[in-house]
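**Q** sequence plus predicted model, see below.
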Amino acid sequence: MRPAGPAIFAAIEQAILDGRLQPGQILPPQRLNADLMGLHVNTVNRAMREAAERALVHATSRQSTVVVGTRKMLAEASRGYERMEADLPSI
């Protein structure tokens, strides 16, 4: 089973790819998400920090988290990663 933090990050990423989360959409408060999932708020906070570091979301000054990533951005990043992998020598 995948740890909760990485699973939350992966769910956010997948929801953006699927179009279920759109740029500009405001996510529920992290404490509410933690309560609904039965997790400690720090677990959700870590996942959101990871999502912010990868430019998928942005935390505003009013404690809101807004989706900023797009399907196109994620697809381009994925293609870049695949090209990078193809250039690596086989071991």
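**A** Here it is on my side, so go on. Residues are numbered from 1 along each chain as shown.
**Q** use CA for all of it now, contacts and neighbours both
**A** OK.
**Q** looks to me like Asn45 is in a helix.
**A** Yes - assignment of Asn45 by DSSP: H, G, I helix; E, B strand; the rest coil places it within a helix.
**Q** please name the nearest non-neighbouring residue to it.
**A** Excluding the flanking residues, the one nearest Asn45 by Cα to Cα, 6 or more residues apart in numbering is Gln30, at 6.7 Å.
**Q** ok, that neighbour touching Thr43?
**A** No - shown here, Gln30 and Thr43 do not form a contact pair, counting by Cα atoms under 8 Å, at 9.5 Å.
**Q** can you give me the strands in the protein?
**A** Using DSSP state E, the strands of the chain run over residues 26-27, 57-59, 65-67.
**Q** so for Ile16, which of those strands sits nearest?
**A** In this view, these are compared for proximity to Ile16 by Cα to Cα, and strand 65-67 is the closest at 8.4 Å.
**Q** buried residues in the closest one?
**A** Going by neighbour count (16 or more other Cα atoms under 10 Å), the buried part of strand 65-67 is 65-67.
**Q** good, wrapping up.
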